[in-house]
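Enquirer: I'd like to go over a predicted model; first the sequence, then the structure.
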Protein chains: 2
Amino acid sequence: MALPTAAPRPFIQQQNLVEQVADYLTQAIIQQHFLPGERLSEVQLSRDLGVSRAPVREAARLLESRGLLISKPRRGFFVRALNAVELEDVFDLRLCLERHAIHRLAERYTPEAQRALKQQVEVLCEAAAGNDGTRRIEEDLQFHRLMLHYAGNERLLRAFDDLTHELRLCITLITKTHEAPDTIATSHYKLLDALDSGSPAACREAIDYHIGVARKFVVKGVGETGDSSDE
Amino acid sequence: MALPTAAPRPFIQQQNLVEQVADYLTQAIIQQHFLPGERLSEVQLSRDLGVSRAPVREAARLLESRGLLISKPRRGFFVRALNAVELEDVFDLRLCLERHAIHRLAERYTPEAQRALKQQVEVLCEAAAGNDGTRRIEEDLQFHRLMLHYAGNERLLRAFDDLTHELRLCITLITKTHEAPDTIATSHYKLLDALDSGSPAACREAIDYHIGVARKFVVKGVGETGDSSDE
DNA sequence: CGATTGCCGACTGTCGACAGTTTTGCCACA
DNA sequence: TGTGGCAAAACTGTCGACAGTCGGCAATCG
């Protein structure tokens, strides 16, 4: 079984303009080069990137389906801005997906899965020790991707990936929540311990706590900035 | 709170070629005018529909994001074919979403929600009495949409809608499973009873049974036809 | 002085065209 | 008869262009 990666791509980067533009836009949005609510001009983007408008439009539609952009007819594309309610919904859905996943995973917990998850926690801890907040988030998400992956439902994993794209919209908020590296480590080891125990109740408790902490931090953050996607 | 509809649209129907093409393609796929695995030619479609290739491409990308089409680079778009495993995954995710939804709904079960759901069951029963299998499925899905809607998490509803698009891929399979109208009625009334009781355990049992029945029928059907999306 | 209306610029929606690639059909050859 | 290769056809990816539409600004009217 092939391990999932955050951005699976072919070995030789073919000249696929749509994907390249989509990657560029995604990175630009995550790094807040385009602010929430900001309008993206197709002509300007195509000028800046040196391509025509067609790939830009298709990439924008792709990002729209991922919830990073919103299109308004005859007005163009806008960077999505999550308000507090939408963010609560995102975390509620994440809880829904991960509860199910950890339950499924506990039913089929293989040594391979155990090994992979443990290794990823170590990678995550290493990342958490450094200063790159974005990398810490990505390694954290990758741990959860692995959980979903070994849960054995590809469709569930896709739903999770769709959700994480929206989570990345407020990645700067998350990176600001400096948790101590050992806190992160213990928080994830609790998940592994619950899986080792094989108890559904323990798994549920662990994942509820885990996501509850993340949710609390982020929702508090968005409440402070007063982010909103209202018209 | 506005009721959700399958296709909420503004009062004045704008001429939006992309959406029109997307609707056409969706219907054509659901009605099996395009068979699973079949290749869709952009030029042929644009000729048939009397539009240029640009709207066709964008509509196809939209349907790809909904899981109805699959694009292969430099090869074009193909109608997605779900194999048995993928279909199992779809129903597993549906179970995940609806368990969560009915749980959330039980926490905030308003008389308005109760009334709307009860009314929809009546509409469904009426549809089940008729001969239009597709309409029966749509009314059934609409009942579940209402559940998700009143559960109060828009993002959860979106995930469900994404999933139902894939469910429609094998709608002909589902329509073939002629359940008796009163079976359908009692099956849905059990959900309402569970919600009335307010017991999480009863809700979970009801939804598990409900989706389990649907899953059994469809997975059995796909096993018989030997549908597959392998190369 | 404030509200309304008409105009202007910019932009999106859509189109036809070209280049490179994949598929198909055919023919030569074993 | 089966197979390999070559050429033509068809198709996708990308591009630039045109028309209709939207938002903003200014001139006009009350």
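Expert: On my side now, so go ahead. Numbers count the residues shown, from 1 in each chain, chains lettered A, B, ... in the order given.

Enquirer: Name every strand pairing with the helix or strand hosting A:Ser71 and say which way it goes.
Expert: Taking DSSP states H and E as the criterion, the element that holds A:Ser71 is strand A:69-72. Taking DSSP bridges as the criterion, strand A:69-72 pairs within the sheet with strand A:76-79 (antiparallel).

Enquirer: Roughly how far does the residue nearest the centre of chain A sit from chain B?
Expert: Nearest to the geometric centre of chain A sits A:Thr164, at 2.5 Å (C-alpha atoms, centre = their mean). Distance check for A:Thr164 against chain B: by C-beta to the nearest C-beta, to the nearest Å, it reads 13 Å. Yep, even glycine has a C-beta here, placed from its N, CA and C like the rest.

Enquirer: does DNA strand C sit close to the strand holding A:Ser71?
Expert: Yes. Interface with DNA strand C: strand A:69-72 contributes A:Ser71 (C-beta under 7 Å from any atom of the strand).

Enquirer: Just the buried residues of that strand, please?
Expert: Residues of strand A:69-72 classed as buried: A:69-71 (neighbour count, 16 or more other C-beta atoms under 10 Å in any protein chain shown).

Enquirer: and if you look at stretch A:118-126?
Expert: A:120-121, A:124-125.

Enquirer: Secondary structure, pLDDT and distance to DNA strand C for those residues - can I get that in TSV?
Expert: Formatted as TSV, these follow (DSSP: H, G, I helix; E, B strand; the rest coil; pLDDT from 0 to 100; distance: C-beta to the nearest atom of the strand, whole Å):
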residue	secondary structure	pLDDT	distance to DNA strand C
A:Gln120	helix	97	35
A:Val121	helix	95	41
A:Leu124	helix	94	39
A:Cys125	helix	91	43
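
Enquirer: The residues you listed: which ones sit near DNA strand D?
Expert: Okay, of those, nothing touches DNA strand D (C-beta under 7 Å from any atom of the strand).

Enquirer: and chain B, which of the residues you listed contact it?
Expert: Among those, no residue is within reach of chain B (C-beta under 8 Å from any C-beta of the partner chain).

Enquirer: so which of those comes closest to DNA strand D?
Expert: The closest of the buried residues of stretch A:118-126 to DNA strand D turns out to be A:Gln120 (C-beta to the nearest atom of the strand; 33.8 Å).

Enquirer: related to what we said a few turns ago, please name the nearest non-neighbouring residue to the residue nearest to the centre of chain A.
Expert: A:Leu141 (5.5 Å; C-beta to C-beta, 6 or more residues apart in numbering or on different chains).

Enquirer: sorry, back to before: and the residue nearest to the centre of chain A, helix, strand or coil?
Expert: Three-state call for A:Thr164 (DSSP: H, G, I helix; E, B strand; the rest coil): helix.

Enquirer: pLDDT wise, what is it at?
Expert: Here, the pLDDT recorded for A:Thr164 equals 96.

Enquirer: Let me know the closest of the buried residues of stretch A:118-126 to A:Leu82.
Expert: A:Leu124 (24.5 Å; C-beta to C-beta).

Enquirer: Please name the residues that touch the closest one.
Expert: A:136, A:139-140, A:142-143, A:184-185, A:188 (C-beta atoms under 8 Å, 6 or more residues apart in numbering or on different chains).

Enquirer: Greatest separation within those: which pair is it?
Expert: Across the contacts of A:Leu124 (C-beta to C-beta), the longest gap, 15.1 Å, separates A:Gln142 and A:Ala185.

Enquirer: Return the set of buried residues in the worst-scoring helix or strand of chain A on mean pLDDT.
Expert: The helix or strand of chain A with the poorest confidence is helix A:171-176; it has a mean of 77 (mean pLDDT, DSSP states H and E). Residues of helix A:171-176 classed as buried under the neighbour-count rule (16+ other C-beta under 10 Å) are A:171-174.

Enquirer: want to throw the residues you listed into a markdown table with distance to chain B?
Expert: Below are the buried residues of helix A:171-176 laid out as a markdown table (distance: C-beta to the nearest C-beta, whole Å):
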| residue | distance to chain B |
| --- | --- |
| A:Ile171 | 18 |
| A:Thr172 | 21 |
| A:Leu173 | 17 |
| A:Ile174 | 17 |
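
Enquirer: Dump these into JSON lines; add distance to B:Arg94 as well.
Expert: Shown next, in JSON lines, are these (distance: C-beta to C-beta, whole Å):
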{"residue": "A:Ile171", "distance to B:Arg94": "30"}
{"residue": "A:Thr172", "distance to B:Arg94": "34"}
{"residue": "A:Leu173", "distance to B:Arg94": "31"}
{"residue": "A:Ile174", "distance to B:Arg94": "29"}
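
Enquirer: Restricting to those, which residues neighbour DNA strand D?
Expert: Okay, of the buried residues of helix A:171-176, nothing touches DNA strand D (C-beta under 7 Å from any atom of the strand).

Enquirer: Quick one: the helices in chain A, in order.
Expert: Along chain A, counting by DSSP state H, helices occupy A:17-30, A:42-49, A:53-65, A:84-107, A:111-129, A:133-150, A:154-167, A:171-176, A:181-197, A:200-225.
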